[in-house]
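>>> with the sequence up front, the predicted model follows.
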Amino acid sequence: AHVLTGRGAEQHSKGSDTVAAFIGLALALGLPGRAGSGFGTLTGQGNGQGGREMGQKADQLPGYRSLTDPADRAHVASVWGVDPDALPGPGPSAYELLDSLGTPEGPRALLVFGSNPVVSAPRAAHVTERLSALDLLVVADFVPSETAALADVVLPVAQWAEEEGTLTGLEGRVLRRRAHLSPPPGVRTDLELLHALAVRLGQPPERFPVRPREVFDELRRASAGAPADYSGISYARLDAGEALHWPCPAVPGGDHPGTPRAFLDRFAHPDGRARFAAVEHRPPAREPDAGFPLYGTTGRVLAQYQSGAQTRRVPELAEAAPEAFVEVHPDTARRLGLADGALAEVASVHGSTRARVRVTRTAREDTVFVPFHYPGAARANLFTGDALDPRSRMPEFKVSAVRVTPVGERS
C-alpha cells in the first residue's frame, strides 16, 4: 500500500497539516520501510523533487541543509570558497517575493527563469501589476510566455532536450539526462547565463561553472553528510547503469549502494523512532457565504502543462483542450441559470475569470472546477487568493469562495 498525494493536498492555507495527517496515516499502517509501500507526493514538474533537495527554496541549502544552521552554512561556504557570513539568511516565499516587487521595501529588478507567474501565480492580476512596477524585468525562456511579454529583456535559453544533467524521482532515485539536440546558434544554457552574469558582478569565473558535470560534482560536495547526500553518486556510476537512490554517501575504498528504501531501520530522530504530528481541522481562509456561495477549485487537464506556455503552442494539444472551462453540477447549473457551452464568470473577492460552462455529474453541487493553464481573462488564478500556509508558505490555490454567473451568448 502506498499513500500518494498530488499538489492539491499541499495547496491550502492548512496544507502542512493535511500532509502531516497523511504521513500519520502511513505511519499508523506501518507503511514506511516496507517494500512497495510508504508515503509520497507527486510533484508538478519533471525535476520538482531534485529541485527541492538542492536548495530551490529560499530557506534551504543543497542536500536539505538549512540556511539557519551554523554547521550547514559553514559546510556549504567551504565548498563555495566564501565566508559563511557572506551567505544570506532565509528569504521570502515565492508569493511574498512577487507581492513585494516594485515596492519601497521590495526588489526593483527580477530575473525569471522558465516561469510564467502572470498565469500561474495566485491573485494573478495583482502579481501582474507588481511585475509591471519593476524597473527591470528580465525573462529567460524558450517560449514567448505571458510573463515574457511584459519583460524589458528576454533572453533565449536552451530547453530540456538541449541540455544534460540529472533528474530525481519521487523515490529518491537519481536519473541521468543526456542532451538530444544542440541549441540554435546564440542560445545559451541557464548555466552559461548565470556564469556570465556572475562574472559581470565581479565573481571569479571558476566559481560558476558552465559544464553540468562540474555543477553536479559541486552538488555532491555540498550535500555530503546532509539528509539528501549525493556525494557517492557520480556521472560515471549513473552512466554505467546503476540505480542509485539518496542518501548515497561517499565511502572510502568502495561505492555505497544507495538507499532504495528509506526508513528501513530508523527514522531521523535521535532514538530512531518516528513522530506523529497531531493536527486539528481548520477551515480555509474564506468559506462560502451569501455573496460567494460556492467553492472554486483549480487544477490541470491532461492535454495542457503548467501555465500552458508550451503546450498551448502544440496544435494537437490545443485542439484537445482549446480553452478554459468551468465544471458545474447539473443541479447547480440549473439553479444558477448556466447553460452547457455558454460563457460564465467565476468571481471571488480577489477577481474574476471567464470560462465556458461544462455541465457534469462528476462535480460536487457545492464546488466548481477551473483549469489554470489559460491566459488573459480565462486565467483561473484571477480568482484565487493570497492566504498562505503558516509553515510552508504555500498559497491556497485549491479553495476559494466564488459565485458563478452567466455572461454573453452561447457560441
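Nice, I can see it. Numbers count the residues shown, from 1 in each chain.
>>> CA atoms only: put the lowest-mean-pLDDT helix or strand in the chain into PDB for me.
Sorting the helices and strands of the chain by mean pLDDT, DSSP states H and E puts helix 48-53 at the bottom, at a mean of 84. This file holds the C-alpha atoms of helix 48-53, laid out as PDB (Å, rounded to 0.1, in the frame of the first residue of the first chain):
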ATOM      1  CA  GLY A  48      10.500  19.000  -8.800                       C
ATOM      2  CA  GLN A  49      11.900  16.500  -6.400                       C
ATOM      3  CA  GLY A  50      15.500  17.200  -7.300                       C
ATOM      4  CA  GLY A  51      15.000  21.000  -7.100                       C
ATOM      5  CA  ARG A  52      13.700  20.700  -3.500                       C
ATOM      6  CA  GLU A  53      16.600  18.600  -2.500                       C
END
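>>> show me what it is packed up against.
In terms of contacts (3 or more C-beta pairs under 8 Å, 6 or more residues apart in numbering; DSSP states H and E), helix 48-53 is packed against strand 165-168. Placement of C-beta: from N, CA and C, glycine included.
>>> give me the residues contacting the helix or strand just after the strand it packs on.
Next in sequence after strand 165-168, counting helices and strands by DSSP states H and E, comes strand 173-177. The contact list for strand 173-177 (C-beta atoms under 8 Å, 6 or more residues apart in numbering) reads 50, 160, 163-169, 230, 233, 235, 238-239, 243-246, 248, 260.
>>> next one: stretch 80-92
With C-beta under 8 Å, 6+ apart as the criterion, stretch 80-92 contacts 58-59, 61, 67-68, 70, 73-74, 76-77, 97, 100, 207, 222.
>>> how long is that stretch end to end?
End-to-end distance of stretch 80-92 (C-alpha to C-alpha, to the nearest Å): 23 Å.
>>> quick check: domain ranges of the chain?
1-42, 45-245, 294-406 (automatic domain parsing).
>>> what about the last one, distance to the chain center?
Yep, that's domain 294-406 we're talking about. Here the centre of domain 294-406 is set off from its chain's centre by 19 Å, with C-alpha atoms, centre = their mean, to the nearest Å.
>>> again with the second one
The gap between the average C-alpha position of domain 45-245 and the chain average comes to 12 Å, counting by C-alpha atoms, centre = their mean.
>>> again, but for stretch 37-49
The answer for stretch 37-49 is 11 Å, by C-alpha atoms, centre = their mean.
>>> and the contacts of stretch 346-356?
123-126, 286, 292, 296, 323-326, 341-345, 368, 370, 377-380, 382-386, 400-405, 407.
>>> re the thing from before, any of the contacts of strand 173-177 buried? List them.
50, 163-168, 230, 233, 235, 238, 244-246, 248 (16 or more other C-beta atoms under 10 Å).
>>> low-confidence ranges, the stretch 301-411 of the chain, go.
Low-confidence segments of the stretch 301-411 of the chain, defined by pLDDT under 70: 409-411.
>>> please repeat the previous calculation with a cut-off of 90.
408-411 (pLDDT under 90).
>>> which stretches of it form helices?
315-320, 330-336 (DSSP state H, counting those that start in this stretch).
>>> looking at those, which is closest to G46?
Closest of those to G46 is helix 315-320, at 16.8 Å (criterion: C-beta to C-beta).
>>> in that closest one, what's buried?
L317.
>>> other SSEs contacting that helix?
Against helix 315-320 (3+ C-beta pairs under 8 Å, 6+ apart) you get no helix or strand.
>>> name all residues that make contact with G172.
By C-beta under 8 Å, 6+ apart, the neighbours of G172 are 49, 228, 245-246, 259-260, 262.
>>> what of V251?
V251 makes contact with G232 under the criterion C-beta under 8 Å, 6+ apart.
>>> I'd like to know how far it sits from P257.
Distance, V251 to P257, by C-beta to C-beta, to the nearest Å: 10 Å.
>>> how about the domains of the chain in TSV, adding distance to R275?
Converted to TSV, these look like this (distance: least, C-beta to C-beta, whole Å):
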stretch	distance to R275
domain 1-42	9
domain 45-245	15
domain 294-406	15
